[in-house]
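Undergrad: Okay, here's the prediction I keep looking at, along with the sequence it came from:
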Amino acid sequence: LEARFHAPDAAGEIVPRQWWVECKGRSGTLETEAVKTACNNVVADHSVDCLVIATNTTFTNPTRDWVETWQEKFPRPQILLWDRAVLERMLAQQPATVLRLFEGGLSSAGHLRAIRDRFWNLIEYSSIERIKRIWSERDTLEFGVMERFALIANEFAHGSIDERPWAGACTAKDVFETFQYGMFNLVYLYARVMKTGVDQGPM
């Protein structure tokens, strides 16, 4: 995979960086030879700034040591080793992405964060099945104003709020704070709705 990202350099100027990503799916530990081949191949292309070698399993310590030694000889491109643990940490920070690609991998708390993030960041509505799951486990989850507002908007997007009265399931103080948060963000929400072109009825 090839990608280009813009990032600040040492002087603080935004410059494009060319990335290569090699994905190595394995049932066991990734062999050192595959990493060596990837590193040696990338040297021939001087446009590459960063090489990522990603695997669903792990790298051995000798492999990591070899990359470290190789990197001393060839400072560019930068070599990044992403194993299963690294990928899981990255995905944990992006629940909306996990929701789209790996729905089965999320806990109910993860689903709740993903519904919140998809609504506030993308103005997207989630499926009714996910909302039903959150409702059935609501007593075990923690809700803030952003989650509660997103869930209510999602309910309106699917028809009504009669079946799962989110506001009725919390205190009067929670209801007021959620309403207040929605009013504070009314201009933001309106601007996002107009920009994305989604149905503004539920809002």
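TA: That came through fine.
Undergrad: Give the buried residues for the helix or strand hosting Ala191.
TA: Assessed by DSSP states H and E, Ala191 sits inside helix 186-196. By 16 or more other C-beta atoms under 10 Å, the buried positions in helix 186-196 come out as 189, 192-193. For every residue, glycine as well, the C-beta is placed using N, CA and C.
Undergrad: Among those, which one lies nearest to Val42?
TA: Val42 lies nearest to Arg192 out of the buried residues of helix 186-196, by C-beta to C-beta, at 40.1 Å.
Undergrad: quick one: contacts for the closest residue to that closest one other than its chain neighbours?
TA: Counting by C-beta to C-beta, 6 or more residues apart in numbering, Arg192 lies nearest to Ile123, which is 4.8 Å off, once chain neighbours are set aside. Shown in contact with Ile123 (C-beta atoms under 8 Å, 6 or more residues apart in numbering): 189, 192-193, 196, 198.
Undergrad: Helices of this structure, residue ranges please.
TA: Listed in chain order, the helices of the chain (DSSP state H) span 32-42, 61-73, 84-92, 95-101, 108-122, 128-136, 145-157, 172-184, 186-196.
Undergrad: So for the fourth one, mean pLDDT?
TA: To tie it back to what came earlier, the one meant is helix 95-101. Across helix 95-101, the average pLDDT comes to 68.
Undergrad: And the lowest mean pLDDT element among the helices and strands of this structure?
TA: In the chain, the helix or strand scored least confidently by mean pLDDT, DSSP states H and E is helix 95-101, which has a mean of 68.
Undergrad: check contacts around Pro8.
TA: When contacts are counted by C-beta under 8 Å, 6+ apart, Pro8 touches 14-15.
Undergrad: For it, give me the pLDDT.
TA: Looking at Pro8, its pLDDT is 82.
Undergrad: ok, now the one 3 residues further on?
TA: Taken from the predicted model, the pLDDT recorded for Ala11 is 82.
Undergrad: circling back: in TSV: the buried residues of helix 186-196, plus pLDDT.
TA: Output for those, formatted as TSV (pLDDT from 0 to 100):
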residue	pLDDT
Leu189	90
Arg192	86
Val193	87
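Undergrad: if we look at the lengthiest strand in the chain, which residues are touching it?
TA: Looking across the chain with DSSP state E, the single longest strand is strand 14-24. With contact meaning C-beta under 8 Å, 6+ apart, strand 14-24 is reached by 1-9, 30, 34, 38, 42, 45, 47-56, 77.
Undergrad: Report the strands that pair with that strand, each with its relative direction.
TA: Partners of strand 14-24 in the sheet, by DSSP bridges, are strand 2-8 (antiparallel), strand 50-55 (parallel).
Undergrad: so Gly28 makes contact with Asn56?
TA: No: applying C-beta atoms under 8 Å as the test, Gly28 and Asn56 come out as separate, 10.5 Å apart.
Undergrad: Which of those two has more residues huddled nearby?
TA: Using other C-beta atoms under 10 Å, the more surrounded residue of Gly28 and Asn56 is Asn56, with 14 against 7.
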